[in-house]
Structures are given as structure tokens and as C-alpha cells.
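what's the 3D shape of this:
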Amino acid sequence: MELSPKLVAFQSQFSVKGEEGPKYGFDGSKFHYGDGTSVASQNSSQILTGYDTLDVGPNYDFYANTTALGRVRRSRPSLFQLHSNIEEDSFPPPLYEETNTGRAPGDSSEDDVEEPQSEPTRFGWVKGVMIRCMLNIWGVILYLRLPWITAQAGIGLTWVIILLSSCITGITGLSTSAIATNGKVKGGGTYFLISRSLGPELGGSIGLIFAFANAVAVAMHTVGFAETVQALMQESGASIVDPINDIRIIGVITVTCLLAISLAGMEWEAKAQVLFFFVILVSFANYIVGTIIPATPQKQAKGFFSYQADIFAENFVPSWRGPEGNFFGMFSIFFPSATGILAGANISGDLKDPTVAIPRGTLMAIFWTTLSYLIIAATIGACVVRDASGIMNDTLVMSSVDSCQGLACQYGWDFTDCITNKTCPYGISNQYQSMSLVSGFAPLITAGIFGATLSSALACLVSAPKVFQCLCKDNLYPVIGFFGKGSGKNDEPIRGYILAYIIAVCFVLIAELNTIAPIISNFFLCSYALINFSCFHASITNSPGWRPSFRFYSKWISLLGAVVSVIIMFLLTWWAALIAIGIVIFLLGYVLYKKPSVNWGSSVQAGSYNMALSYCVSLNQVDDHIKNYRPQCLVLTGPPSCRPALVDFVGTFTKNLSLMICGNVVTGGPSPSTLDTASSNSHVTWLNKRQIKSFYHGVVANDLRTGVKMLLQGAGLGRIRPNVLLTGFKRDWRKDKPSCIDNYIGILHDAFDLQYGVCVLRTREGLDMFRQAQTHVNPGFEESPERGVNTCVPPAPPSITFLFLYMDPDAMVTEPQPQPSTVFQSQQGKKTIDVYWLFDDGGLTLLLPYLLTRKKRWARCKVRVFVGGDIQRKEEQKKEVMDLISKFRLGFHDVEVLPDINARPQPEHVRRFEDLIGPYRLNTAQKDGHVTAEQMNQDCPWMVSDEEIETNKSKTLRQIRLNEVLQDYSRDAAIIFVTMPVGRRGKCPSALYMAWLETLSRDLRPPVLLVRGNQENVLTFYCQ
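This next block holds a predicted model:
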């Protein structure tokens, strides 16, 4: 079959050439690739549908944001490609996107395929999450503080502390699991989850706090390790300097060694964690065996008597001692030991499948560690008394039975002296190393302490830079971007490791575990509160995008977890809670102020949408009232950057008050290019940068007037819809085609027909800031050398070929422009705002200047109101108008009556008007022709006959005279408001009406706003 010329042209235009021939093209029947296969065959469309089609079946590539190395990404055909007619569309867009390598889909030349890089190390849920979380939870508190906490709070309250902590972490684990399974999770852990759920404002602040808390946690676990080493040295009589400085020196050396392991890479760090995990399990087994083995006299002297019911009963109730001896004091010290639940999530970028690994590993870690804490608290409390001297000679003698104090008296030991003097060095109330005493082989407990402290410190040292790196890459805060650079196949944050090391060393120098632990408790609780709130907020907004595959969560339980976390923050250390919340608010305010250009589809956006939708719907239940009238403006700006003065003026009195919509009409046929031009986000970006609170609405239409009709009837939502049309004055109307004048005036008539108020702004400098030549010219607006303004020829239909026309057909602007300054951005000083309230239009002419004076730039201006009147009743009429305006409470006190407004204008001004309208009057040849008046009005509605001139003569003279009055009274005003004349449709030709507007507002230095309300009241002096 022979191809038509259009299809041949289509084939030649659409084929894309590569080095070895066409990559893809069209042969008249189907699209094909360079290797000879067609699109249909490539996607098995014919198999799926039974016929040859561009449609393709579901494919992972269509939804993914990234491409696997060595694999070319494909994209689905656009709706335009499926819907448009190939024979009619001369320039269809390419079927597939270009890839980074510049290759088209289907071009499978092996020479150009990139060699895939080696896959970085990835971990499963056991090694990557569960073991890591358990190691981080089994930290220094387990070995060195849990027996002491049991002695202070008793077994019962210690279980309460453990279960309360586990409830908070468990709820947080459920919330984390829900968030982590709601889409593909990348690196950044906790920060990534919160920021992608609640947005950059809260996510950024928590990211900084959480990274800092992890860096401090490195110091906490390292100090625990250093305390153990120092205690061993003290037992053997060795010392470096003194106990405190020994802890500092050992701690700094330890952190340095951990840094070296971290810098070696995630693979080595993971191997070290597995080794630590094995050591801890062995130490646990050793401890349990030790509780069963009968106590030796040496251990009994130190308070260990194996399992005894009396000891369990005695230790079940609390015995508070010291300044920290209270429930929340113990809770603040213990809680950091439960905060390791996010250790797996924090390396989400290094997991094989984060959506599976994070929920499974985190929840299993919480379960097993909680169980281990409960067992250790119960067993240590059932075996060891609170106070013991450790002296072998403190056995009970018969003479001291009656005076013996303490539970040890029942087992033949008398610790009365040290109990009375409060100098007992042993017992779970006094010795942090009680687990070593109980164990079967004490060095294994020491090894467990080493493993627990070092593994937790190592996990925190890895987590902090990973979280901080993701935060740095998002560029939410200044300066810190330096630390976002990664290196190696795992993108290791080397600089972040160094920063975390420095922070850890600074806190290691404190060398006091009980001081460091409460510091980070509030930071972790703050993070948990926001994670829980993220889950609740995402659920409560009912966003269709909230579809977590993990279903075992409740939004109300998540909210409870968030509230409890905040309450506990204040109960632990109220001043630290205030500091943490203050830091969050400060960082939140900074991000809100900077407004980073990121869009992650957060639940805050979904919540804002729900609130806006709810309020809009609720407005339908309330009838409009004059007291609540607001001028809601549809502003015909075209691209807003083209007419900044028009945008600035309307934005001045609508900001924080009423609706403003910038309307843009793109003329041409519907196509991806025109639709993209009309809906371009660059216009909204320009408005936001200029701090104009306005919506933008672009439409595609065959001609300007049709597009404006679409805006007039379709802009807005419910009761939040425009009621005033505001446009710029058409300065070039005498140079433009008559049909354009008719369209412009027709737009004003259409607005009146739809009960809009109408305003026309004219400035001396003009409103069009940027004018560029068009690359495609619409024949309907072409200047014909053979056609003058008197030639009555209907305009040609608009072209549908990729044509971009805005409000001004001579201007085409597709890119956002710079931010020029306009007269409406400057302070107006003590000038006047002159209002010519010549006709009662419902009060819009008075309301707009009042709204203007409420703004700071115009507040010092004095408003003068001018009205027409009779020289005989001048004072009486002035008093009537003053009384009326005072009832409106507008604060206008200067009223002038113009008795000479109806006087005859000067002859030279009348002749100037006749010269202005002359080219549009019917000449003698047209009068003597055979064209009827009806046909003339239909084909050339802009032409003016002598009868129409005579009919509207008095109105014409009024406009000429009014311009003279404006020249006399308002030459130095800041702005002039004038009631706009209304021309009757069919009785006043468009050229005559345009000449009125030109005459009324010409040769004036101040900006002039012609105002005409819709003849409905917008002001009232009643209170209901």
C-alpha cells in the first residue's frame, strides 16, 4: 500500500536517527525500533489485546523513579499519542523518553550498554535490623544500671518502667512499620520517615535532633564501657591518672577505635556487630547459670544468696535513695536503653528490602529485649540483697541476733554496721557490677558489657552520620551541605563520621553516665512523639496515598503514643523538654521561612487539602451577606510576569483579605505544548517569589474571548469564586485590528452579562513589561497590507498549529521573568486618592479605595470623593453625600461637588475625539453600497454610523468633559478611581465605547482605575 504524503512527512519527522540507523520511527502502519521490532511486539500488546496498538501493558518502569544500571528505562505512550490522529498531527512528541545514556528503548547494541557497577552491601531483616536493634537496646544500662534501678524502684516498679518504656517503643515500632511500608524507603532512617510523612518542616528539625542524640548516645555507651574498664583497673590496683580522667582517656581511645571500624565500611561494621551479639548471648547464658549455682561464702558476703523468696519479696517494693530516688528519675536513666529500636531503620539505605526488614526486625527486637529485661530484673531481685559489706567476718553471732538489721540476718550474715552507716560497698543498691557477682564466670559478664556497650556505641556512630547525610542532601539548612558528600559504593558519609566523632568526644569528657543519659532521653522521646504523630496524621487525613502494607497499627494508639511521649518528656526533665521543643520550633520556623523547594507528598499537604475542602463545602451552608462582601478578583494578566503592575495593584488590596486569580488564555488547539504552557508551574513560582497571594488559572481556547468566557464561568470553587473582573487598558487599540477591539469590548460585555463588577486599570507607562516577537503568527491577527481599518472583512479563523497567544496578541512570554519594581510597590506618602463617584454602582467605587487605605503603603493618603451636582444646591448635596458616606463608616471626610461637570468641553478636545473615532466611521462609499445596517453590525460591529454618533453625543461629551475635570483636580493624585461608563450592547459600537474609555483616561500622570460594580449593594450601614 502506498503511503499518503502526510504519513510520509510524519515518518520523516518522527524518525530519530542514531549512529547505526533510526532508533525508532513510523513506517505507515506501526512504530518500530532500530532492531526491526515494533512497539506492539516489544510490549506484547497484540498478544494482550488481539490487535496492533500503541497501548502497552503494565510495567514496573512506568512507575519507578530510578533505572537499574545497564538497563534502559521505558515509558508509557502519552494520552496525546493515543488520542491524536497521526495524519493531522505534523509534530507528534516522541513515543519514549530519552535516557541518560542517550539511547532509545529497543536499541540493544552491546557496545553502548554501561557496565553495571558492583552492587553495594545490603542486609536482610535479621542481620540488618533485628540484631542491630537488639544490640543497641542491650546497651550499657542493661549491665551497669538495671540491677541498681531494681534496687531503687523494686522489682514491681522496675517492671512498670520496663513495660512503660516498651509500650512507648512498641507503639513507635508499629508506627514506624506503617510508615516504612507506605512506599519505597531510601537512606536516612528516622529523618526520611518523618520528613516524607510530615514534610520538611518537622522532618528537618527532628533529623538534626535525632542525629545529635545518636552522636551523644555514642558517648553514653562509651562512658559505660570506660567505667567497666576503669573498675577492672581499680580492682587490680592500676590507674592512669585518677578515676574520672581514666574514664575520659579510655573513652576517647574507644571512640577513636570505633571510628576506624566505621570508616572501614558497613560490611566490617556488620561483622563486628555479629561478633558482639554472640558475646552478649554467651554472657546472658552465663548469668542465668550463675543464678542457679549455689552461692559461695565469698558471694554471700557480697549479698548474693541464690533464689530466695524472702529476697524477692523484700526487693519487690521500692527503696528510694539519693537525689535521683524517684520513679521518673529511674525512668529517665533506664529509658535510653529502650531507644535502640530505630537502629535498623536508620540504615534503611543499606537494607535489601526496608519495607519488610524494618517492621519484622524492629518488632522482634522489641519483644526479645523486653523479655530479657523483665527476666534479669526479676532474677537479680530474687538473688541479691540491697546492702552487703563484702567482709567475710560479718557472720551472724548469737549475741547480735536481736540487733541485726537487714534480710541477710536470716542467712547468717550481719551487715548492720554498713547499713547503719550507709557505707555498704556491695549489694544491688551500691554495686553497679552486680551481674558479674551473680554470674557463673565473671569475665564473661565483663565481655558482655564490652560487647553491649561497644555494639550500641558503634550502631549509634553509624546511625548519626547516615541520618545526617540524608538531611544534608535535602539542603534544608545552610552550611551543613558540606557533610552530605558520600564516598565508596555504599556512599559512606566520611565527613559525617568525623563530625559525630567530635560530638561524642566532647560528651565523653563529661565522664558521668547518669548525667549523659537524661540529656538524650528527651531528644529520643521527641523523635518518638513525631513518628507516632506522623502515623496518626497520615491516617486521619484519609489521603489515597496512605496505603501501608503493614496493617497492625491504630491511628488512635499512635496518637496515644505521641501524647504519652510528650508527657513523659516533661515528667522526666521539664527544662530539657522545653529546650528540645524550643529547638524543634526554632528549626521549624526557619524551614517555614525559607520554604525549600521540595515536594514529598506529605500528610500535612493532605491535611491542608482536607481542611480547605471542608471549609469550602461549609460555606455553601451560609448565604452571602453584604457585610461579608469581598471583591474577589479575576485578573486578566496573561502570564503574570508580563504585567507586574497589574498583579501588584490587585495584590495590594486582596492580600489576606479576598480571592485573587490570575487568568491566562493560551490560544490554539489542544496539544501537550499548549496545555503545558497554560498550566506551567513557573507562573505560580513567579507569584510566590513576588509574595503575591494569588491563584493562577490558565485555559486553552480557540480565541481570546472564548477563553475569558471559560474563566468567567469556570474559575473559583463554590462560594469562593470571582465577582470582579479586572483587566488592563488596551493601549494599542488604534494600531490593532478592529476585530481585536471588538473582542476586548466584548469581554467587558460578557462580564456584565454574568453579573461581574468590571475594573480597567490604565497607567501612564503601560502595563506590558515584556514584549517579544512571536515565532508563530495567528492569521486571525495578522496585519494585511491590503486591509485598512475601514475595510470590513470578517477575521480569519484562528490557527490550531502550536500557537501561544496571551492577553496581548503581540506578546508571547513562555518563561518566568525577573522581578521588576512597579509604582504600586513604593510608599505613596501624603498624596491623595481621588474617587469620582459619578454613578451609584452599588458602592464598589468607594469600597476599593477604602481597602487600599488599609495597607501600609497607602495609609497616609487622603481620600477625596468627587460627585456631580448642581451649582444651586452644592452645599446641600455635599451634606447629603457626606451623611451617606459617614453611615458606611469608611472614614472619608473630604467630599467635593462638581457643578460644572456637565459643562460643554473645549472645542479642541471635541475635535480630538472626532479624529480618534474617525477611522472607524462609515464612509460614503459604504453608505451608498448595498450592505444593510443589520449585516454591517453583524460583520463589522466596531463600525460607527452617524446615527450612533448622534444618539450617544451627550454621553460622548460627558467623557470629554470629565477628562478635563480630571486634569484640573487630580493631576498630582496617587491614583484616580472613576466610575466607568456602560455602553449598551447593540447600541454602542465597540470602537465608540473604546474611544470613550480612551478619552476619559488619557494624558493623566497618576494611574487610573475605571470601576463599575454589578449594581448590587456591596456596602451597608445596617448591623444585620
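
let me see the ranges of the helices in the stretch 451-600 of the chain.
Defined through DSSP state H, counting those that start in this stretch, the helices belonging to the stretch 451-600 of the chain, from first to last, are 494-508, 513-540, 555-572, 574-594.

reformat those helices as CSV; add mean pLDDT.
Compiled in CSV, those are given as follows (pLDDT from 0 to 100):
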stretch, mean pLDDT
helix 494-508, 89
helix 513-540, 81
helix 555-572, 89
helix 574-594, 85
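
Leu208 is nearest to which of these?
Nearest to Leu208 among the helices of the stretch 451-600 of the chain is helix 574-594; the distance by C-beta to C-beta comes to 6.2 Å. C-beta here means a position set from N, CA and C on the backbone, and glycine is covered the same way.

mind listing what's buried along that closest one?
Buried residues in helix 574-594, defined by neighbour count with 16 or more other C-beta atoms under 10 Å: Ala576, Ala577, Ala580, Ile581, Ile583, Val584, Leu587, Leu588, Val591.

now swap in stretch 345-357 and tell me
Judged by neighbour count (16+ other C-beta under 10 Å), stretch 345-357 contains these buried residues: Ala345, Asn346, Ile347, Ser348, Gly349, Asp350, Leu351, Pro354, Thr355, Val356, Ala357.

can you list contacts of that stretch?
When contacts are taken as C-beta atoms under 8 Å, 6 or more residues apart in numbering, the neighbours of stretch 345-357 outside the stretch itself are 120-125, 128-129, 132, 176, 180-181, 183-190, 192-193, 214, 266, 344, 358, 362, 462-463, 466-467, 470, 490-491, 549.

drop anything exposed from the residues you listed.
Among those, those buried by neighbour count (16+ other C-beta under 10 Å) are 121, 123, 125, 128-129, 132, 176, 180-181, 183, 185, 187-190, 192-193, 214, 266, 344, 358, 362, 462-463, 466-467, 470, 490-491.

so of the helices of the stretch 451-600 of the chain, which one's packed in deepest?
The highest average neighbour count among the helices of the stretch 451-600 of the chain, using mean count of other C-beta atoms under 10 Å, belongs to helix 513-540 at a mean of 24.

run the chain-centre distance for that helix.
Helix 513-540 has its C-alpha centroid displaced from the chain centroid by 22 Å (C-alpha atoms, centre = their mean, to the nearest Å).

try stretch 555-567
Per C-alpha atoms, centre = their mean, the displacement of stretch 555-567 from the mean C-alpha position of its chain is 24 Å.

now swap in stretch 412-423 and tell me
Here stretch 412-423 is found 64 Å from its chain centre; the criterion is C-alpha atoms, centre = their mean.

endpoints of it, how far apart?
20 Å (C-alpha to C-alpha, to the nearest Å).

okay, buried residues for it please.
Residues Trp413, Asp414, Phe415, Thr416, Cys418, Ile419 are the ones in stretch 412-423 that count as buried (16+ other C-beta under 10 Å).

list the contacts for Lys422?
Going by C-beta under 8 Å, 6+ apart, the list of residues near Lys422 is empty.

in TSV, list the buried residues of helix 574-594 along with distance to Pro518.
Conversion of the buried residues of helix 574-594 to TSV gives the following (distance: C-beta to C-beta, whole Å):
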residue	distance to Pro518
Ala576	7
Ala577	11
Ala580	12
Ile581	16
Ile583	16
Val584	18
Leu587	22
Leu588	24
Val591	28
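
out of these, flag the one nearest to Ala231.
Ala576 (28.6 Å).

for this structure, which segments count as strands?
16-18, 21-26, 31-33, 633-636, 660-667, 695-701, 724-728, 757-762, 832-836, 862-868, 894-898, 975-979, 1008-1012 (DSSP state E).

surely Tyr477 meets Tyr590?
Yes. Using C-beta atoms under 8 Å as the test, Tyr477 is close enough to Tyr590 to be in contact (7.2 Å).

quick one, phi/psi of Lys595?
phi 50, psi 70 (degrees, to the nearest 10).

please renumber the chain so that the first residue is 26 from this point on.
OK, 26 is where the count begins now, so the last one is Lys620.

got a pLDDT number for it?
According to the model's per-residue confidence, Lys620 sits at a pLDDT of 76.

thought Ile286 was touching Glu294?
Yes. With contact defined as C-beta under 8 Å, Ile286 reaches Glu294; the gap is 5.8 Å.

where along the stretch 876-1025 of the chain do the helices fall?
Ranges of helices within the stretch 876-1025 of the chain are 899-912, 932-942, 949-952, 958-964, 971-976, 978-994, 1015-1026, based on DSSP H, counting those that start in this stretch.

mean pLDDT for those: which is lowest?
Mean pLDDT across the helices of the stretch 876-1025 of the chain is lowest at helix 949-952; the value there is a mean of 51.

hmm, back to that, so which of the contacts of stretch 370-382 belong to helices?
Counted as lying in helices by DSSP state H, out of the contacts of stretch 370-382, are 150, 157, 201, 205, 214-215, 217-218, 239, 291, 383, 387, 487-488, 491-492, 495.

in CSV: the helices of the stretch 876-1025 of the chain, plus mean neighbour count and distance to Pro763.
Conversion of those to CSV gives the following (neighbours: other C-beta atoms under 10 Å; distance: least, C-beta to C-beta, whole Å):
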stretch, mean neighbour count, distance to Pro763
helix 899-912, 15, 41
helix 932-942, 13, 12
helix 949-952, 10, 13
helix 958-964, 12, 11
helix 971-976, 13, 15
helix 978-994, 17, 19
helix 1015-1026, 24, 7
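
which stretch among the ones you listed comes nearest Met735?
Proximity to Met735 (C-beta to C-beta) singles out helix 1015-1026 among these, at 20.8 Å.

so that closest one versus helix 978-994, what angle?
Interaxial angle of helix 1015-1026 relative to helix 978-994 (axes from the mean of the first three to the mean of the last three C-alpha atoms, to 10 degrees): 20 degrees.

just how off-centre is helix 1015-1026 within its chain?
Distance of helix 1015-1026 from its chain centroid, counting by C-alpha atoms, centre = their mean, is 48 Å.

so what's Asn567 closest to, chain neighbours aside?
Asn635 (7.0 Å; C-beta to C-beta, 6 or more residues apart in numbering).

what's the spacing between the one you found and Pro569?
Computed as C-beta to C-beta, to the nearest Å, the Asn635 to Pro569 distance reads 12 Å.

more neighbours: these two, which one.
Set side by side, Asn635 and Pro569 show unequal neighbour counts under other C-beta atoms under 10 Å, the larger going to Asn635 at 15 against 6.

against Ala563, how distant is the more buried one?
Between Asn635 and Ala563 the distance is 12 Å, computed by C-beta to C-beta.

swap in Gly676?
The spacing between Gly676 and Ala563, counted by C-beta to C-beta, is 34 Å.

now swap in Ala326 and tell me
Noted for Ala326: a distance of 58 Å to Ala563, by C-beta to C-beta.

pLDDT wise, what is Val426 at?
The model reports Val426 with a pLDDT of 65.

need the contact partners of stretch 908-927.
For stretch 908-927, with C-beta under 8 Å, 6+ apart as the criterion, the contacting residues are 860, 863, 868, 871, 875, 878, 887-896, 899, 902-903, 906-907, 983, 986-987, 990, 994, 1044-1046.

just stretch 340-352 next, same as before
The contact list for stretch 340-352 (C-beta under 8 Å, 6+ apart) reads 175-182, 186, 354-355, 358, 406-407, 409-411, 453-454, 539.

and that stretch, end to end?
So stretch 340-352: terminal residues 15 Å apart, C-alpha to C-alpha.

could you list the domains of the protein?
Here the domain parsing of the chain from the TED database is 150-413+449-619, 414-448, 655-787, 848-949+960-1037.

least reliable of those domains by average pLDDT, please.
Out of the domains of the chain, the stretch the model trusts least by mean pLDDT is domain 414-448, with a mean of 77.

tell me how far the ends of it are from each other?
Across domain 414-448, the straight-line distance between its terminal residues is 8 Å, by C-alpha to C-alpha.
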